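Participant: dropping the sequence and predicted coords here.
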Amino acid sequence: MDRISDFLTSRTALLRDYLTAVSGSLGRLVFSLLYFVVLANTLSIAEFGLFATASAAGVMLSRIVGFGFVSSLYRIATVKPRLLGTFAGGFLLMTVLSLPVLAAASWLTHSIFFVGDLPFATFALVIVSEALLWRMVETVVIVNNGLNRFAAAAVLVIAGTALRAVAAGLFALATAPVLVDWVYYYLAANGACLAIALAFFWPRQRLRLRPALYWSRLADALYVAGAELLFYLQMELDKLLVLALGGPHLAGIYAIVMRLVDLTAIPVRTFTMLLVQRLMRAPETLSKLWLRVGFEAGILAISTLGLAGLALVLHFYPTVLGGNVSQAGPLVIFALAVPGLRNLIEYQAELLFARGQMLLRAINLAILAGAKALVLTYLLLGALDAQQLVLMLNGAFAVLYLASAVLTYSALRLPAKRA
């Protein structure tokens, strides 16, 4: 009888944690959609393409900040929360040390992809917003999730996305809204969110510096930083290549389609986050084949049904998301397999992170980033129009998913590295 009671109690607690965490994802979904609709219909399609691509670059480059030490912070919050103040001090130290590398990488990225299309000052403000301000907000969310403070994390996520939506609404009321002005609204929204996060959501522990603890974990942190950089490179590389090879207008159409695809990942990430925490504590959780197959089938089904539902709405109400979005709306149905495959690649990368297999994760993501660059370059050079490009993406992501599955599940046969 006690075993049954313990089982039911643990399952009830898990369900409660999931519903609390997913509430943040659903709130973020609503405000993300509102923010996207307002901004995509305020800027021209070409300007939206430039901003979306610069923002994607900022998300990618944000993984340099702290040299991956946020992973150690998350693990400590999950398994040894009393050391959080000590490791928060280490994260801040690593963040300061990483700033010159971030600046150099930002300059290089602009020189390769944005020169001639976007002034460096405008690009730099987007990078500051994403890589410093918003990344710090994400760190506070990550720590709260590690501490099982899912309600606090959910509120902060919703607040941050709502502030961006408010900024987009105020920007839309401007006399002549253009991209060079929008980045200041974006900077202010992310700065306000960081102030709220630090004032109300950061756990109250005294900061300490103990360098000896940090250096012993630096190798793993650098593996994480490299893996995260490669992960977001292969996730966002398509936007950069479309801009470089197709120009700002095609980049705008493509960014609108992929933004709608991205919305399907928000609820899936909540499940993945909880599973990662479970695997950190019990790496044998996914030892059964039927569990692995069931999780992947569920992610694929939820992602595909989500995009199919959105495509159905846009078919009957093409202007429901605004005039600019309506130009890309008919293309959504042609990307039907993309969200599921894309979310599965992200899910598989997180499995290796949860088991502490950082070097293997970095190697796998490097292989996937190289494969994606080759496949997408081939598609972009051969595609005649946006519809053909989006349609061929299904095959491209199928190839990338198969490669990811082989690499990931081969690595899962090896022993996990406990925190």
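Facilitator: Ah, there it is. Just so you know, these numbers come straight off a predicted model, no measurement behind them. Residues are numbered from 1 along each chain as shown.
Participant: C-alpha only now, for contacts and for neighbours.
Facilitator: Noted.
Participant: burial measure for the closest residue to Leu43 other than its chain neighbours, as a count.
Facilitator: Counting by C-alpha to C-alpha, 6 or more residues apart in numbering, Leu43 lies nearest to Val178, which is 6.3 Å off, once chain neighbours are set aside. Taking other C-alpha atoms under 10 Å as the neighbour definition, Val178 ends up with a count of 16.
Participant: Thr53 versus Val178, what's the distance?
Facilitator: Using C-alpha to C-alpha, to the nearest Å, one gets 16 Å for the distance from Val178 to Thr53.
Participant: tell me how far the helix or strand containing Met235 lies from the chain's centre.
Facilitator: Per DSSP states H and E: Met235 is located in helix 211-263. Its chain's C-alpha centre and that of helix 211-263 lie 8 Å apart, by C-alpha atoms, centre = their mean, to the nearest Å.
Participant: kindly report the same for stretch 87-95.
Facilitator: 22 Å.
Participant: for Gly49, which residues are in contact?
Facilitator: Listed by C-alpha atoms under 8 Å, 6 or more residues apart in numbering, the contact partners of Gly49 are 243, 248-256.
Participant: quick check: closest non-adjacent residue to it.
Facilitator: Gly252 (3.4 Å).
Participant: quick one: that neighbour and Phe120, what's the gap?
Facilitator: 19 Å.
Participant: more neighbours, the two?
Facilitator: Gly252 (28 against 16).
Participant: neighbouring contacts of stretch 223-241?
Facilitator: For stretch 223-241, contacts defined as C-alpha under 8 Å, 6+ apart pick out 53, 56-57, 59-61, 63-64, 67-69, 71, 113, 251, 254-255, 349, 358-359, 361-363, 365-366, 368-370, 372-373, 376-377.
Participant: number of nearby residues for the spatially closest residue to Val141 that is not a sequence neighbour?
Facilitator: Nearest non-adjacent residue to Val141, counting by C-alpha to C-alpha, 6+ apart: Ala153, 4.9 Å away. A count of nearby residues for Ala153, using other C-alpha under 10 Å, gives 26.
Participant: now name the helix or strand holding Ala153.
Facilitator: Going by DSSP H and E, Ala153 is in helix 150-172.
Participant: residues making contact with the next helix or strand after that helix?
Facilitator: Beyond helix 150-172 on the C-terminal side, the first helix or strand identified by DSSP H and E is helix 179-196. Helix 179-196 is contacted by residues 43, 47-48, 51, 122, 125-126, 128-129, 133-134, 136-137, 159-160, 163-164, 167-168, 171 when judged by C-alpha under 8 Å, 6+ apart.
Participant: what residues sit buried inside helix 179-196?
Facilitator: By 16 or more other C-alpha atoms under 10 Å, the buried positions in helix 179-196 come out as 179-180, 182-194, 196.
Participant: just the ones of the contacts of stretch 223-241 in helices?
Facilitator: 53, 56-57, 59-61, 71, 251, 254-255, 349, 358-359, 361-363, 365-366, 368-370, 372-373, 376-377 (DSSP state H).
Participant: and the buried ones among those residues, selectable in PyMOL?
Facilitator: In PyMOL, this line selects whichever of the ones in helices among the contacts of stretch 223-241 come out buried by 16+ other C-alpha under 10 Å:
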select buried, resi 53+56+57+59+60+61+71+251+254+255+349+358+359+361+362+363+365+366+368+369+372+373+376+377
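Participant: in the stretch 301-419 of the chain, where is pLDDT below threshold?
Facilitator: By pLDDT under 70, the low-scoring segments of the stretch 301-419 of the chain are 383-384, 416-419.
Participant: and stretch 163-180, which residues are buried?
Facilitator: For stretch 163-180, by 16+ other C-alpha under 10 Å, it's 163-169, 171-172, 178-180.
Participant: no, scratch that, I was asking about stretch 312-332
Facilitator: Applying 16+ other C-alpha under 10 Å to stretch 312-332 flags 314-315, 318, 321, 324-326, 328-332 as buried.
Participant: need the max-distance pair from those residues.
Facilitator: Using C-alpha to C-alpha, these span at most 15.0 Å, a distance reached by His315 and Asn324.
Participant: next one: phi and psi at Leu351?
Facilitator: For Leu351, the backbone dihedrals (degrees, to the nearest 10) come out as phi -60, psi -40.
Participant: now for it, how many residues are close by?
Facilitator: Quick note: Leu351 (other C-alpha under 10 Å) scores 24 neighbours.
Participant: cool, and Leu132?
Facilitator: 23.
Participant: same thing with the one 3 residues further on?
Facilitator: For Arg135, the count of nearby residues is 20 (other C-alpha under 10 Å).
Participant: how about the one 3 residues further on?
Facilitator: Other residues near Glu138 come to 18 when the count uses other C-alpha under 10 Å.
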